[in-house]
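Visitor: the sequence and its predicted three-dimensional model are supplied below.
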Amino acid sequence: MIEKPTLLSKSFRFITIAMLITWLILPLIPLAIWSFAKGWFFPLILPKYWSLSAWNYALSDTAGVLESLWLTIFISATATILSIIIGVPAGRALGMYKFKGKEYVELLILAPTIVPGIAVVLGIHSVFLSIGLTNTIPGVILVHLIPTLPYMVLVMAGIFSNFDPDFEAQARSLGASPFKTFYYITLPSILPGIIVGGLFAFLVSWSQYILTLMIGGGRVLTLPLLLFSFATSGRNDITGAIGMIYILPGIIILILTARHLSGRSAVGGFGRI
Amino acid sequence: MTHVSIKNLTKVYPGSTVPSLDNLSLEIASGSLTALLGPSGCGKTTTMKMIAGLLDQTSGDVTFDNISILSEKPENRGVVMVFQNHLLFPYMNVQDNIGFGLKMRNIDKDEIYNRVIEMLELVKLPNMENRMPKELSGGQQQRVALARALIVQPKVLLLDEPLSNLDAHLRFEMRDLIRNLQQSMGITTIFVTHDQEEAVVLADQVALILDGKLKQYDKPDIFYKKPIDVVTAQFFGGQNFINGVSKNDYFTSSIGKFSLPKKCLQGNSILTFRPENVQIGIGSKNINTIKAKIVEKIFLGTQTRLKLSINNEIIQVIANPNEVDDTETGIEIDINVPPSSLWVVPNID
């Protein structure tokens, strides 16, 4: 039975949407204005002059923003693909099989979302130093897996706990090899989860600051690092422009995958977090 | 046509000491329809999955025409299993579902299409090729699942509870469909069921499995006429069990002396006869006639159920309502059990 929305639930929904806008969209507006502003001082509500100079600078070759953008895309995309490759079988094991100490494994996988990255990265740094992974792109990609994997694994565990392995048995029985079974039967069933988990992984990797700074040693210059250095140097207009570039992938991905996000199967994973 | 032999097949699941299937041996004739019957958890689905290669056996062997298949991968065994809940691939339409097995065998698209259409005719679902599984009723889904299995022309077809999810009127339709297709294509078919009625209406041979062990393997009617023991008789609805002694084709008990058919078990034993085989009001001149008092009478529409008492023994009778119209609780009537309806099973105690 579907209940009719009462006045209370209607006003509750309104408040929720209002809060979402206040916290998520409003803070971006000054940033957007800053990127086109020239001389914007208290108590002016809007800048005195408008200018494209910050954008001109941000998109020029000398600023290194574009170079940093491609690097960040490469690192996040690679970290996402690795997360999928590891997260799908791990999620399957957690979602479908019972084994001894399963709850501890789950806790261990969840740990990076609870323990601050900086606490972990100091230890990892010394390990990476000894095997020559510090200050390298592969090192940064590897360390990004620490925060991305929990999301991927937990989403996939949720998906697999709703997946009936008899579908695979049925396909095998009808003459499909294990590979064809995965391709034709398993993959279409878990694809929404891979997309949602991958989206999370990409955005989590995209926003890493501390881990990139520590392992990359400032030589692997991703967008958040670049953004931070401009923000601390007081160039609000350039910070605004880079900030706009920085949030762009998140918005694009969100629009492209909104369809999958609304699917029931995809949301299945969150019941477990 | 494939002759299937199951030899001492045993399955012990890890972490368990009791075998789920204990030393099962069955010879299944080529082209026959065989039921594995038993309550849930008796090991019948385990058996099917081992034949299909979806589960490893602990020991024993399965051969098709005297060649062991246990080393073959599931996709190469020539066995197709149809699961109880049909398992139609939800994001494929009927055509892609039925054609799946042929696609896996790299058969040309046009030929797949033609054979799917042909198959849909056979299972009486013409023009359904573009429907999605969720748009089909349970019975239609079942027929699509059957078509999907038959289209690859398996050597052996395995069906898990093929009639259990269907309404009464659909059951007979499905039963006829399965039998006709199985007979015309000559596919050796094994199905599992917990419902003795389903086993009886569909199968040539029934294997009753209780607690992982084979109890009896016979034609369906034998389970009613000559059950191997009390448990088997009870599984098929037997209710009358009288302790006594069988000697020289006579059975002596507290409710009287009965003439037995030839070659019955001798000695201390249990006499059994089916509630529906008791005749009423034939007269006391016939052999095996005794007097009994009606304790309870329940009218069930097409039949009347009587509970009778003889010397403190209770026996159950199912009678034609017309025969017992003029009787009522408390009166004494003559009942007659012909020797051909009697059977003696061992007394285990």
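Guide: Yes, it's here. Numbers count the residues shown, from 1 in each chain, chains lettered A, B, ... in the order given.
Visitor: name the nearest residue to whatever residue of the stretch 201-349 of chain B ends up closest to chain A, ignoring sequence neighbours.
Guide: When scored by Cβ to the nearest Cβ, the stretch 201-349 of chain B has B:Leu202 as its residue closest to chain A, at 20.6 Å. All C-beta atoms are positioned from the backbone trio N, CA, C, and that covers glycine. Nearest non-adjacent residue to B:Leu202, counting by Cβ to Cβ, 6 or more residues apart in numbering or on different chains: B:Arg175, 5.5 Å away.
Visitor: ok so, going back, residues touching the residue of the stretch 201-349 of chain B closest to chain A, list them.
Guide: Neighbouring residues of B:Leu202 by Cβ atoms under 8 Å, 6 or more residues apart in numbering or on different chains: B:33, B:35, B:162-163, B:175, B:178-179, B:191.
Visitor: at 10 Å what do you get?
Guide: With contact set as Cβ atoms under 10 Å, 6 or more residues apart in numbering or on different chains, B:Leu202 has these partners: B:33-35, B:159, B:162-163, B:171, B:174-176, B:178-179, B:182, B:189, B:191, B:193, B:220.
Visitor: the residue nearest the centre of chain A: which element?
Guide: When Cα atoms, centre = their mean is applied to chain A, the residue found nearest the centroid is A:Leu203 (1.9 Å). Taking DSSP states H and E as the definition, A:Leu203 sits inside helix A:187-206.
Visitor: how about that helix and chain B, any contact?
Guide: Yes: using Cβ under 10 Å from any Cβ of the partner chain, helix A:187-206 reaches chain B at A:188-189, A:191.
Visitor: out of these, who's the most crowded?
Guide: A:Ser189 (19 neighbours; other Cβ atoms under 10 Å in any protein chain shown).
Visitor: quick one: contacts for the closest residue to B:Gln57 other than its chain neighbours?
Guide: Nearest non-adjacent residue to B:Gln57, counting by Cβ to Cβ, 6+ apart: B:Met50, 4.8 Å away. By Cβ under 10 Å, 6+ apart, the residues touching B:Met50 are B:6, B:9-11, B:21, B:24, B:43, B:56-58, B:60, B:62, B:70.
Visitor: please apply the same query to B:Phe258.
Guide: With contact taken as Cβ under 10 Å, 6+ apart, B:Phe258 is in contact with B:242, B:244, B:246, B:249-252, B:271, B:273, B:287-290, B:337, B:339, B:342, B:344.
Visitor: go through those and flag which are in strands.
Guide: Among the contacts of B:Phe258, the members found in strands (DSSP state E) are B:242, B:244, B:246, B:250-252, B:271, B:273, B:289-290, B:344.
Visitor: in the chain, where is pLDDT below threshold?
Guide: If you meant another chain, say so; for now it's chain A. A:1-5, A:257-273 (pLDDT under 70).
Visitor: wait, chain B was what I had in mind.
Guide: Looking at chain B by pLDDT under 70, you get B:282-285, B:349.
Visitor: any idea how far A:Tyr49 is from the residue most central in space within it?
Guide: Nearest to the geometric centre of chain B sits B:Ala199, at 2.1 Å (Cα atoms, centre = their mean). According to Cβ to Cβ, to the nearest Å, B:Ala199 stands 89 Å off from A:Tyr49.
Visitor: next: A:Leu213.
Guide: On the measure of Cβ to Cβ, A:Leu213 and A:Tyr49 end up 35 Å apart.
Visitor: quick one, phi/psi of B:Lys297?
Guide: phi -140, psi 120 (degrees, to the nearest 10).
Visitor: surely it is in contact with B:Asp326?
Guide: No: assessed by Cβ atoms under 10 Å, B:Lys297 is found out of contact with B:Asp326, at 11.6 Å.
Visitor: so these two - more neighbours on which side?
Guide: B:Lys297 (17 against 9).
Visitor: sorry, back to before: quick one: buried ones out of the ones in strands among the contacts of B:Phe258?
Guide: Buried residues within the ones in strands among the contacts of B:Phe258, counting neighbours by 16 or more other Cβ atoms under 10 Å in any protein chain shown: B:242, B:244, B:246, B:251, B:271, B:273, B:289-290, B:344.
Visitor: on the three-state scheme, B:Thr2 is what?
Guide: Secondary structure, DSSP: H, G, I helix; E, B strand; the rest coil: B:Thr2 is coil.
Visitor: can you give me the neighbour number for residue 161?
Guide: No chain in the question, so chain A it is. Counted with other Cβ under 10 Å, residues neighbouring A:Ser161 total 16.
Visitor: that's the other chain; I wanted chain B
Guide: If you count neighbours by other Cβ under 10 Å, B:Glu161 ends up with 20.
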